[in-house]
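Colleague: 3D model of this:
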Amino acid sequence: MQISLQQKNMKPKLILVAILAAYAMPQMVMAENKAETIELGKVEVVGVTPLSSLGVPIDQIPSNVQVAKGKDIQNQQGLSIADYMSQNMVGVNINEAQNNPYQPDVNFRGFTASPLVGTPQGLSVYQDGVRINEPFGDTVNWDLIPQNAISSIALMPGSNPLFGLNTLGGAVSVQTKSGEHNPGGGVQVSGGSWGRWAIEGEYGGKLDNGVSYFFAGNKFEESGWRDSSPSDVLQGFGKLGWSNEKTDVDISFTGADNELTGNGYQAQSLMKTFGYDSIYTKPDITKNKLIFVNAKVSTWLSDEFLLTTNAYYRKNRTSSYNGDLNDDYDGATNLNEGVINQGHVNQKGYGLGTQLTWVTDKNQLTGGVSADLSRISFNQTSQEFSTFSDARGVGGTLDDEELNVSLKGRSRTWSVFATDTYNATSKLTLTASGRYNNTRINNDDLLIPVGGAGTGSLTGSDTYSRFNPAVGLTYSMAPELNVYAGYNEGNRAPSIIELGCADPNVPCLLPNALAGDPPLKQVVAKTFEGGVRGKFSDVAKWSLSAYRATNYDDLQFIAATTAGAGYFDNVGKTRRQGIDLGLNGEAGDFRWSAGYSYIKATYESSFDIASDVNSSNVGGVMTINPGDNIPGIPKHQLKLRGEWRALPTWTIGASAVFFSDQYARGNENNQHQADGVNYFGSGKVGGYGVLNLDTRYTLPNTGWQVFAKVNNVFDREYYTSALLGQSGFDANGAFASGSGANETFLAPGAPRAGWVGVRYDFGKPKSSTSAVDVD
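Modeller: Numbering: from 1, shown residues only. As a prediction, the model looks like this:
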């Protein structure tokens, strides 16, 4: 719900409430929802619950919230919000494990939101108040969020219990556009390197009878920069709304039909022989089809009570088609080198939530309930083939597929939550929140009944419940200086895929195999955060925060000998602690920002992992000790962004990112060393820096804009991730009959590339009337 002083039909009493909120008690300024901010005078407001509610000034939130406008995302011409976040938001980095621009691992403070099953998920992601982590593995499909429909995003750090399951390290909230606040239209066409071309359009408005509408769509295709790596993306979005002086109704639809190629890691020896753009095996194709309908109603019951309710239906069908090494090859009775593994996951989600907010002159109290249900079916088939092609491809006629897994799953989560923000004085604000989550997961194995023969039945049920609290305070020492401190807890229940892949004796080549496995415990995160923020008059803003997050019974995907295989296990305590420093400002025609992050992510418990690919193993086992660094997380990050308005109609921008080295997966004890005989390749990935340039020129008084972008200007070869494994091929690409070298597999970053495009905007007001303004 959008309530602002711009709304002409707003009741006089509500206008008075808004004025009092903005100037007498800032915490009551009204916001559309958590992902948007409103500036009334000097007050910047962010919502604090997944559903639309009254907002809280950012200076009264006891954490370092980062926000961004849809216009800024558009101006940098990234493909997804993940791209924008990695370039601009402090503490965020990307691992390009799949080497597809729509399939990144997004890491924030050492916690991950990824489309890859097998990646420990520690971030929750919301679209218009609906959690869009997929129920099968808590994964996040970034390709299902249409970027040109985004109004704003907010990155909420910490184990904030109000954002529900998976909020171990933070929550990403996406708010979409509406016709009421985004009138007019735009059409854009672009193209360039790797055969990439894209077209997108949007249009919205509001009628005199209170009905509003907004529609957006885009089409993207490319051949990809690596061998055999095309992608095809089709996204659509629509929103219908109606509002009067008391009530606001929105019904939105999101749809997608995408085919993505993610060729993943490449063995270091093969990369040296066949080049930086070579691949390990093929094909590696993922298809996603989405239908997502979300309805939301907000209404003022009185001048002090706001009731908000939403209901949604979400259906996602994911299919994978992967050419892999045949694990059953033995050189005697089984001579088939390759196998085509196919997975089909159908996921249906339903949900309902409601909350009531009560505002007084010093207090804002919100309480609510929510329920989320899902129905999942998963089938996996495989068919073996005799040989790989010269390009390490496998395939042929699928006429003898074997059904390996047939599973149906159901999950149910219900929650009760409340949060209270109290202005103890004009300078001191106290916050207390809590949420109780109850999750039940039921699995039905359609191949192996309970007590049947085989690897073990998947049939079973597990229940997880927990109450998570949060407390915090903020204190304005001066109008331009604010300090804060907070403590919060969150939890994550194991997903169906994790419960079905938890046996170290039966590692899974995810997501292609499941087995009846030992039970897993839920992960509980406890986070302390404190910081200070302020501004240097009107020239620049700055923030400094320190945090310490400890996960109990943390879940990790532990790599096995076969590349890409492994199993899930609770590994005791892990810890992520560090500092974030952010600066941004504007001086004349120059806008700039800078961010630095230090992250120390470590294991805090001892445990053993079966491993033959780590050189430090003793009898096929390596030991992890407290203080060992968690793989895949660079300790140091630095981001710089500058925009120069060379002319009133011409802007030139540059972004530079720098990341320090990180340990490879499979090197959890940090002791792997290459010896050139049995083990090849380092157990680390070196640090790197990348410079990107962008520019846009607007033709005066025409609505036309020309833009261009160049990524990786200096054409650096770098790697964003790595893992240890045994190659199935020799250095010349010949099948190694199960005796390949133990070596490092690398995820190469994209080389230099450029794109140009043209955009035409029409029917848009010269100065926006929207209350949404994210700085």
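
Colleague: please enumerate the helices of the stretch 151-300 of the chain.
Modeller: Ranges of helices in the stretch 151-300 of the chain, per DSSP state H, counting those that start in this stretch, are 268-274.

Colleague: one more: the chain?
Modeller: 12-19, 70-76, 81-88, 268-274, 496-499 (DSSP state H).

Colleague: neighbours around L365, how many?
Modeller: 15 (other C-beta atoms under 10 Å). For every residue, glycine as well, the C-beta is placed using N, CA and C.

Colleague: just checking, it touches T431?
Modeller: No: L365 is not in contact with T431 according to C-beta atoms under 8 Å; the separation is 11.1 Å.

Colleague: okay, and the common contacts of those two?
Modeller: Shared contacts of L365 and T431 (C-beta atoms under 8 Å, 6 or more residues apart in numbering): 419-421.

Colleague: pLDDT weak spots in the stretch 351-500 of the chain?
Modeller: 449-457, 500 (pLDDT under 70).

Colleague: which of the shared contacts of L365 and T431 lies closest to S495?
Modeller: T419 (26.8 Å; C-beta to C-beta).

Colleague: near that closest one, how many other residues are there?
Modeller: 24.

Colleague: which residue packs closest to it, ignoring adjacent ones?
Modeller: Spatial nearest neighbour of T419, excluding adjacent residues (C-beta to C-beta, 6 or more residues apart in numbering): S433 at 3.9 Å.

Colleague: dump the residue contacts of that neighbour.
Modeller: By C-beta under 8 Å, 6+ apart, the neighbours of S433 are 48, 160-162, 417-420, 469-471, 488.

Colleague: that one bridge partners, please.
Modeller: T419, A470 (DSSP bridges).

Colleague: returning to that earlier point: a markdown table please, covering the contacts of S433 and showing distance to S190.
Modeller: Listed next are those as a markdown table, based on distance: C-beta to C-beta, whole Å:
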| residue | distance to S190 |
| --- | --- |
| V48 | 37 |
| N160 | 37 |
| P161 | 41 |
| L162 | 38 |
| F417 | 42 |
| A418 | 46 |
| T419 | 42 |
| D420 | 47 |
| P469 | 48 |
| A470 | 43 |
| V471 | 48 |
| N488 | 41 |
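
Colleague: out of those, which end up buried?
Modeller: 48, 160-162, 417-419, 470, 488 (16 or more other C-beta atoms under 10 Å).

Colleague: list just the nearest of the residues you listed to F536.
Modeller: Nearest member of those to F536, counting by C-beta to C-beta, is V48, at 27.4 Å.

Colleague: could you report the separation of the nearest residue to the closest one once chain neighbours are set aside from G47?
Modeller: Spatial nearest neighbour of V48, excluding adjacent residues (C-beta to C-beta, 6+ apart): V56 at 5.3 Å. V56 is 7 Å from G47, where distance means C-beta to C-beta, to the nearest Å.

Colleague: and G224, by the same measure?
Modeller: 38 Å.

Colleague: these two: which is more packed in?
Modeller: G47 (26 against 22).

Colleague: thought the more buried one was touching P57?
Modeller: No: the pair G47 and P57 fails to qualify as a contact (C-beta under 8 Å) at a distance of 11.2 Å.

Colleague: the residue nearest to W542 when sequence neighbours are not counted: what's it in contact with?
Modeller: Leaving aside its chain neighbours, W542 sits nearest to L583 (5.0 Å; criterion: C-beta to C-beta, 6+ apart). Contact analysis of L583 by C-beta under 8 Å, 6+ apart lists 540-542, 593-595.

Colleague: kindly report the same for G204.
Modeller: Counted by C-beta under 8 Å, 6+ apart, G204 has contacts 177-180, 182-185, 212-215, 239.

Colleague: recalculate using a threshold of 6 Å.
Modeller: 179, 182-183, 214 (C-beta atoms under 6 Å, 6 or more residues apart in numbering).

Colleague: repeat that for G582.
Modeller: Contact analysis of G582 by C-beta under 6 Å, 6+ apart lists 90, 543, 595.

Colleague: identify the bridge partners of it.
Modeller: S543, G595.

Colleague: would you reformat the buried ones among the contacts of S433 as a markdown table and include distance to T702?
Modeller: Shown next, in a markdown table, are the buried ones among the contacts of S433 (distance: C-beta to C-beta, whole Å):
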| residue | distance to T702 |
| --- | --- |
| V48 | 42 |
| N160 | 45 |
| P161 | 50 |
| L162 | 46 |
| F417 | 49 |
| A418 | 52 |
| T419 | 48 |
| A470 | 50 |
| N488 | 50 |
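
Colleague: hey, what's the residue nearest to M477 when sequence neighbours are not counted bridged with?
Modeller: Distance criterion C-beta to C-beta, 6+ apart; nearest residue to M477, sequence neighbours excluded, is V483 at 6.2 Å. The bridge-partner assignment for V483, based on DSSP bridges, gives Y475, V532.

Colleague: so what's the residue count around V483?
Modeller: For V483, the tally of surrounding residues (other C-beta under 10 Å) stands at 17.

Colleague: ok, now the one 10 residues further on?
Modeller: Close neighbours of A493, defined as other C-beta under 10 Å, add up to 25.

Colleague: got the contact list for it?
Modeller: With C-beta under 6 Å, 6+ apart, A493 has these contacts: 439, 464, 522.

Colleague: what's the answer for F735, then?
Modeller: Applying C-beta under 6 Å, 6+ apart, the residues near F735 are 337, 388.

Colleague: adjust the sequence numbering to begin at 22 for everything that follows.
Modeller: Yes, from this point I'll number from 22; that puts the last item at F756.

Colleague: local confidence estimate at the residue most central in space within the chain?
Modeller: Centroid check for the chain by C-alpha atoms, centre = their mean gives A134 as the closest residue, at 3.9 Å. pLDDT for A134: 94.

Colleague: correct me if wrong: it contacts N128.
Modeller: No: using C-beta atoms under 6 Å, A134 makes no contact with N128, being 8.2 Å away.

Colleague: out of the contacts of A514, which are inside strands?
Modeller: Among the contacts of A514, DSSP state E puts 460, 485 in strands.

Colleague: tabulate the contacts of A514 in TSV, adding columns for distance to P167 and neighbour count.
Modeller: Output for the contacts of A514, formatted as TSV (distance: C-beta to C-beta, whole Å; neighbours: other C-beta atoms under 10 Å):
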residue	distance to P167	neighbour count
T460	29	21
Y485	33	19
Q543	33	20
